[in-house]
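S.K.: Turn this into a model:
(chains A, B and C)
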Amino acid sequence: MAIGLPIIALVFQVILLVFYTAFGSVENKSSFDFSMFEFTHLMIFVGFALLYGFLRRYTWTGIAQNFIIGVFAAEFFILYASIITWIHASAKPFEVRLDGEFLIRADFCAGAVLVSFGAYIGKVSTAQMLVMAAFEPLFYAVNEHLLVDMIKTIDSGGGLILHAFGCYFGLFASWVFSPEKGKNHKLNSTNYNSNIFAVTGTVLLWASWPGFNAALAGTDSYYAISNTVFGLFGSTVSAFIVSALINDGKLGMVSVINATLSGGVAVGTSCVILHQPGWGLFIGFVTGGISSWGFEKLTPWLEKTIGLQDVSGIHNLHGIPGIIALIFSLFLVSSEQIAPQIYGLLCTLGLSIASGAIFGLFLRLTHEKIGPEKFFVDEIHWIDC
Amino acid sequence: MAIGLPIIALVFQVILLVFYTAFGSVENKSSFDFSMFEFTHLMIFVGFALLYGFLRRYTWTGIAQNFIIGVFAAEFFILYASIITWIHASAKPFEVRLDGEFLIRADFCAGAVLVSFGAYIGKVSTAQMLVMAAFEPLFYAVNEHLLVDMIKTIDSGGGLILHAFGCYFGLFASWVFSPEKGKNHKLNSTNYNSNIFAVTGTVLLWASWPGFNAALAGTDSYYAISNTVFGLFGSTVSAFIVSALINDGKLGMVSVINATLSGGVAVGTSCVILHQPGWGLFIGFVTGGISSWGFEKLTPWLEKTIGLQDVSGIHNLHGIPGIIALIFSLFLVSSEQIAPQIYGLLCTLGLSIASGAIFGLFLRLTHEKIGPEKFFVDEIHWIDC
Amino acid sequence: MAIGLPIIALVFQVILLVFYTAFGSVENKSSFDFSMFEFTHLMIFVGFALLYGFLRRYTWTGIAQNFIIGVFAAEFFILYASIITWIHASAKPFEVRLDGEFLIRADFCAGAVLVSFGAYIGKVSTAQMLVMAAFEPLFYAVNEHLLVDMIKTIDSGGGLILHAFGCYFGLFASWVFSPEKGKNHKLNSTNYNSNIFAVTGTVLLWASWPGFNAALAGTDSYYAISNTVFGLFGSTVSAFIVSALINDGKLGMVSVINATLSGGVAVGTSCVILHQPGWGLFIGFVTGGISSWGFEKLTPWLEKTIGLQDVSGIHNLHGIPGIIALIFSLFLVSSEQIAPQIYGLLCTLGLSIASGAIFGLFLRLTHEKIGPEKFFVDEIHWIDC
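M.R.: Next comes the predicted model:
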């Protein structure tokens, strides 16, 4: 597989180049809010990158795989979403029509694929991740289309579309993949500096998240901003509380790095329709505590009992908070909207679990070349490390 | 005090949740400038965090304490400021009405409390800092109300309201607290990597500061941006000059990390009413030199002679530059405005010193559990460090 | 030269203070887009700083020299450009009239000077770099004036004006300077952590670049944003491909840190007039591959064969991509515009090479105090390192 990475990347890029060149155009909309796009872009390509630098001897590869996965996922999403739009509105000729909102949606899809990546970071090759970046956006785009255009689920910050989808794809892929010997790997760990890089990613994500949840919210964007600020306040406080309660007054860095962010996910579905800061604070507070408990207790327990490996704990930061986001939205929407919310959840779970399981099978079948002695080490990926 | 942190945080958060839920609402103002809020948010929760990572074996705790102090200070400020507004305009029913400007003011208050934190970083528990985050914003909010609504002091970038208030609160708290054995502590020091994290915080703060000073400046925001850029140019140059003069041609990282930023403080009071780039450059230049001298000479001297411990040197970055900002503003305002400027200074000093001294007493009384052998070490705060 | 740094900085700053104070004014234009300026500012003073932290024992000095060079270059540019404008429109009295666009142009000039710095980073004193920051902006400003006001070259993202100019100035300065013993210096190298700081700079630059290319693009800024996003997608993919092909399936961090960014340069000239995402993707793709090959093969070869030392490889990230940007623009502009594009290239090359060679002579003549045993070491620049 030594040349798997360049060959696959080349083939993918040539296919994409043909499509973009043949059918692409750029549309200059005056309503484009550069700063919200920009903070979304920063979150995906800087914040996630630093967060995925948390492993002691995999910081380089974590950052680089985040980079190339994000790029390909965004490129493939725009292609798939254009095809879906074309099929949906069948009269028009096919085109890839890039306005600013499309760029933001592409970054959201990249975010979902990078969430999935977190489940098996350190145990997969870059070539395998390129295949994921081509495969997962198709199902993401279908799911986004179903929820936004057909079912009309309210989900402006992507609690379901991004976080839950990305998480359950990744978890089921990891479960099917199931590389047993990765358990208790001595390099599946952090050190003093790698945690500082990761927590820098955390505060960058935390501070930028309001723009992310507001990026697709249109004229009501301030509600999204305000609720996201308060949701993150709540999850930060409860992450500290629960971590300190679990650890006899001390803190666990895993909670500070991750669970503090879960409030941003938990308000993600209803951030535009919620006009009450106390509720945002509350939902963030509840979610942050559950997330912190999940990182410190649930993830190790799931690995021990059902063999579910989740290296970054995406279940606690994206899966559970995404489900909470959906449940919480049920209290805010009108009664006619309750069904679309629940159908949206079911559709997301179904598509993500099914496609994730297929991808897990791919990981399992292409796994022979990367034994556990090559897990979590930068050296096998770099010439100059 | 092993469970002081979670218990105090829980009690505080429940009180805040009740208030926000009972009385809160979000107001969607179209004039909200997301990007200026966002850069303010980045400064408080990313820039300050990295800056407070400067200690060699306290980077984790510095970043985490910055995080939770900032969140609670912002939450408490919004509550206190709402109460003050309600008392001031006594006709209305009580409400916590969140518009975008209120979020920015809350971040400013968090900034002030984090400035205070710098005086005793490494020598205090997170639980003590939670008490500070509940206590100091009350006096901050009173002072802000007096200066903005009653005295009508001009201070759009918070030279007095934020920097001087936060500094003198912290300095007098530290002086009353006075943990003698913290002097010359071998871990009260930096290393190669911790300084790189801190200087990354510096350049992030430095580059974002124009948005910070402009965030509450309204339609004249460009003046604030331009003057802040030039004030920071000036302080950067003089920080390099003075540091090199003191050190026989070599530089001191303490000056590059801190004194370079002092121009942003020094133009903070008059950045909107100043329309002349030369003056902004000049005031930054003067301040940066004084600040650099303060870090390299004054702080050690004050510790030796009067026992004033100031771990981060907040006196040189926030106190002195805040006073300079006020003095400088006297040359720019109309003659009728001179009295309000001076009354603003006196009010700020009186309230910050009085409340800081009280808090120092609290620190002294609750100090028994944390002896100097536990100063500046991450290990006592974390399970996984 | 122990006091060269403070004396030179003081003299320069006093001269600039006199000019700014005597002739400066700030103009508050409502059309100023703060966020695009801000991301430009972040790129120059945060992104570049981290990127220049890549050397294992020169991270402190790389960041600090980036800081002071950027400040002085911006200050001197505003002065020179004001003088040129005054000469050009000879009727008006002389003034330094600062609007927001001028601040952005100053940051662009700082960017060019910092590109040049990359050619000899580690082998020059801060005092020498101050002279560069006063010298190079004069020629930069003349070239910018000629291309924008006289020749009317289209170059909104500065492919020629910034990147090619900065690169060829730096390369010819380095060639004339030619400190032989710097070759194969054991500290001219990176380590695990210094590469992480640098790649953090990379992703920050990469994510912010759309704002940079759009900052001077006016109402068509969205085209610049979209094309820059796609150009960077392309260069990222091809940097991974070519690096992996060269290194038998492994990646070289030098390519991931640098060549991934070259697409931002390559679309810099025509990003506003290009309305087709496929072309932006294609040009980025071609450029990233060439850039990666350049870093891994061309730069060592040029050093061996013609003695051209290029510590950061600016030729591969700014020079070649800048030329490609110009060539690519020829396919997009109208036939009458082809001549101005080519004249712009020739003018840029002529001015940058001539002025760079002169500066290289200065470097050679003032070099005696800094022997190769002082290359690439922070210790000689700092008291606390």
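
S.K.: And the helices in the stretch 151-300 of chain A?
M.R.: Taking DSSP state H, counting those that start in this stretch, the helices of the stretch 151-300 of chain A run over residues A:165-177, A:192-214, A:221-246, A:253-258, A:262-266, A:277-293, A:299-306.

S.K.: Just put those in TSV and tack on distance to C:P137.
M.R.: For glycine as for every other residue, the C-beta is placed from the backbone atoms N, C-alpha and C. Shown next, in TSV, are those (distance: least, Cβ to Cβ, whole Å):
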stretch	distance to C:P137
helix A:165-177	47
helix A:192-214	32
helix A:221-246	39
helix A:253-258	43
helix A:262-266	43
helix A:277-293	48
helix A:299-306	55
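
S.K.: between the ones you listed, which one is nearest to chain B?
M.R.: The closest of the helices of the stretch 151-300 of chain A to chain B is helix A:277-293. By Cβ to the nearest Cβ, the value is 3.0 Å.

S.K.: by contact count, what packs against that closest one?
M.R.: Contact analysis of helix A:277-293 by 3 or more Cβ pairs under 8 Å, 6 or more residues apart in numbering or on different chains; DSSP states H and E lists helix A:221-246, helix A:253-258, helix A:262-266, helix A:320-330, helix B:4-23, strand B:24-26 as its packing neighbours.

S.K.: Pick the most deeply packed of those.
M.R.: Greatest average neighbour count among the helices and strands packed on helix A:277-293 goes to helix A:262-266 (a mean of 35), per mean count of other Cβ atoms under 10 Å in any protein chain shown.

S.K.: Could you list every helix and strand in contact with that one?
M.R.: If contacts are counted by 3+ Cβ pairs under 8 Å, 6+ apart, helix A:262-266 sits against helix A:192-214, helix A:221-246, helix A:277-293, helix A:320-330.

S.K.: Averaged pLDDT, it. What do you get?
M.R.: Helix A:262-266 carries an average pLDDT of 97.

S.K.: swap in stretch A:32-42?
M.R.: On average, stretch A:32-42 scores 93.

S.K.: low pLDDT regions in chain A?
M.R.: Residue ranges of chain A with pLDDT under 70: A:1-2, A:30, A:91, A:180-183, A:368-371.

S.K.: residues in the stretch 151-300 of chain A within reach of chain C, list them.
M.R.: Within the stretch 151-300 of chain A, the positions adjacent to chain C are A:193, A:197, A:200 by Cβ under 8 Å from any Cβ of the partner chain.

S.K.: Report the contact partners of the residue lying closest to A:L251 once chain neighbours are set aside.
M.R.: The shortest distance from A:L251 to any non-neighbouring residue, by Cβ to Cβ, 6 or more residues apart in numbering or on different chains, is to A:S243 (5.1 Å). By Cβ atoms under 8 Å, 6 or more residues apart in numbering or on different chains, A:S243 lies in contact with A:251-252, A:255-256, A:259, A:292, A:296.

S.K.: change it to 7 Å
M.R.: Neighbouring residues of A:S243 by Cβ atoms under 7 Å, 6 or more residues apart in numbering or on different chains: A:251-252, A:255, A:292, A:296.

S.K.: What's the separation between it and A:S235?
M.R.: 12 Å (Cβ to Cβ, to the nearest Å).

S.K.: likewise A:V203?
M.R.: 13 Å.

S.K.: before we move on, the earlier item: among the contacts of A:S243, who's most crowded?
M.R.: Highest neighbour count within the contacts of A:S243, by other Cβ atoms under 10 Å in any protein chain shown: A:S255, with 32 neighbours.

S.K.: could you dump the residues of the stretch 151-300 of chain A next to chain C to a markdown table with neighbour count and distance to C:S208?
M.R.: Putting these into a markdown table (neighbours: other Cβ atoms under 10 Å in any protein chain shown; distance: Cβ to Cβ, whole Å) gives the following:
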| residue | neighbour count | distance to C:S208 |
| --- | --- | --- |
| A:N193 | 18 | 25 |
| A:F197 | 24 | 19 |
| A:T200 | 25 | 16 |
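
S.K.: Sounds good, over and out.
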